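J.: sequence first, then the predicted structure, then my questions.
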Amino acid sequence: MNLILAILVILSAFHVLVPYVYYLFMKRIAERRPWGLVLDQDYEPKVSMIIPTYNEASVIVKKLQNIEKLDYPKEKLEVIIVDSASRDTTVDMAKKYVKKNGFPFKILILEEEERRGKGKALNFALQYSKGEVIATSDADSYWEASALRKALRYMAYPQIGAVTGREILINLNRNDYTTAEGLYRKFYNTLRIGESKYYSTLIFQGEFAVYKREVFEKFEDEKGSDDTGTVINIISKGLRCIFVPNAVFHDMAPSTWKGRMTVKTRRAQHLIYALTKAVKLKIKRRIPMSSLIIFVNFFLHVINPLLSIALLGSLIYLLYEFPLFLVCIPLLFLSRKLRAFLLSYISNNIALVLAIFRCIKGDRQDIWQKVPEMRY
Ligand code: GDP
Ligand code: MN
């Protein structure tokens with residue numbers, strides 16, 4: 001029994017310390033290291049912005065109004081909406097809006113005959129794009145007017161292949177679930193900035209991703225995510241992909257347990273496939289970036305969640321031996337901040353563990369149901 005307990009405690013220590021030490025390391029870099037890039041304020045390439053939609057009638061007009069406000073020369077931005085046979089009025093509403101109000105940028109509305117998933121839709125749209133830079137964004141996320149320019153300043157640098165932006169949650173203080181996501185995002189942002197300054201981050205967000213056209217043939221649409229999967233392919237060609245904190249977009253966090261688990265588990269599945277691919281490339285020496293970022297991210301998303309089971313085991317043992325501690329548990333949930341932290345920690349780990357098993361089963365989540373509470 002003592003041996004089992006000792007093993008559980010050691011595994012639990014790993015579970016807590018690896019993320020903590022990596023966080024401290026990346027935080028130091030994020031705060032102290034300069035970017036060391038020569039930014040170009042005047043870089044103004046031709047940009048194609050692709051918005052994939054499936055049943056987005058509730059937000060499509062708001063999304064178009066958001067794009068209209070982008071600070072970018074009229075003749076240098078084209079917008080491509082690619083809809084995969086929505087069953088609602090997404091396409092009609094988009095067409096009507098453009099016709100009635102005019103649209104400052106060139107806009108193309110493509111309609112796929114059947115739904116084959118977001119990655120495939122992005123690649124369909126890519127064939128029609130003419131930009132030197134390809135941007136992707138989701139229908140339910142809204143960019144700040146300056147965000148594109150801010151991202152492009154970094155893109156001017158030859159070594160940079162792609163840029164992703166920072167998310168601000170519109171409904172951060174709505175309830176414990178949204179606060180929990182906000183806390184997780186703080187941790188996430190620090191890691192992504194640190195990794196980007198160190199060399200490159202692997203993890204991108206499709207809500208705000210900007211890629212140089214010449215550095216990729218197509219979006220990853222087989223296994224893994226269209227954002228992180230594509231970025232890993234770009235890094236393997238010797239380019240850096242970075243998270244730029246002042247390029248900002250706004251969107252909503254899920255505000256229920258069910259919504260949170262649905263989104264987190266699906267996104268985690270995509271991420272696990274992509275990170276597994278990065279590890280394989282690293283082992284075959286086909287990705288020229290430091291092992292640290294690749295292996296720690298794989299550990300954090302694939303191994304560490306499984307170690308949370310050891311932490312749970314240790315806690316159960318502790319409570320069994322010292323039942324008085326049981327009284328303390330409700331106390332932990334009294335502080336709003338601690339409650340959000342525990343909620344974030346627990347839900348993230350459950351989602352990752354579920355995702356690992358679904359990946360092992362081969363579930364790819366190419367096509368998914370949207371979470372309506374993330375649209376307003
Ligand atoms: P989440 O933010 O991870 O929950 O993902 P969303 O459900 O918001 O999807 C991101 C974007 O991809 C949204 O604009 C969706 O409308 C779009 N999308 C999802 N599935 C498909 C699809 O099969 N085809 C197309 N064209 N777009 C899709
Ligand atoms: Mn979304």
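T.: Sure, I can see it. Ligands and ions are numbered 1, 2, ... in the order given.
J.: using PDB, list the CA coordinates for stretch 43-63.
T.: C-alpha atoms of stretch 43-63 as PDB (Å, rounded to 0.1, in the frame of the first residue of the first chain):
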ATOM      1  CA  TYR A  43       3.700  46.100 -45.000                       C
ATOM      2  CA  GLU A  44       0.500  46.000 -47.000                       C
ATOM      3  CA  PRO A  45       0.100  42.800 -48.900                       C
ATOM      4  CA  LYS A  46      -3.000  41.600 -50.700                       C
ATOM      5  CA  VAL A  47      -5.100  39.700 -48.200                       C
ATOM      6  CA  SER A  48      -7.800  37.100 -48.700                       C
ATOM      7  CA  MET A  49      -9.900  36.500 -45.600                       C
ATOM      8  CA  ILE A  50     -11.800  33.200 -45.500                       C
ATOM      9  CA  ILE A  51     -14.900  32.800 -43.300                       C
ATOM     10  CA  PRO A  52     -16.300  29.300 -43.200                       C
ATOM     11  CA  THR A  53     -19.900  29.000 -42.200                       C
ATOM     12  CA  TYR A  54     -22.400  26.300 -41.300                       C
ATOM     13  CA  ASN A  55     -25.800  27.500 -39.900                       C
ATOM     14  CA  GLU A  56     -24.600  30.900 -38.800                       C
ATOM     15  CA  ALA A  57     -27.700  33.000 -39.600                       C
ATOM     16  CA  SER A  58     -27.700  34.400 -36.100                       C
ATOM     17  CA  VAL A  59     -24.300  36.000 -36.400                       C
ATOM     18  CA  ILE A  60     -23.500  36.400 -40.100                       C
ATOM     19  CA  VAL A  61     -24.700  40.000 -40.500                       C
ATOM     20  CA  LYS A  62     -22.800  41.000 -37.300                       C
ATOM     21  CA  LYS A  63     -19.700  39.300 -38.700                       C
END
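J.: now do the contacts for the residue in the stretch 251-376 of the chain that ligand 2 sits nearest to.
T.: Per Cβ to the ion, the residue of the stretch 251-376 of the chain with the smallest distance to ligand 2 is M374, at 5.3 Å. C-beta coordinates here come from the backbone N, C-alpha and C atoms, glycine included. Applying Cβ atoms under 8 Å, 6 or more residues apart in numbering, we find M374 in contact with D140, D251, M252, A253, P254, G259, V263.
J.: which of these fall within strands?
T.: D251 (DSSP state E).
J.: can you narrow the contacts of M374 to ones near ligand 1?
T.: Residues shared between the contacts of M374 and the neighbourhood of ligand 1 are D140, V263 [Cβ under 6 Å from any ligand atom].
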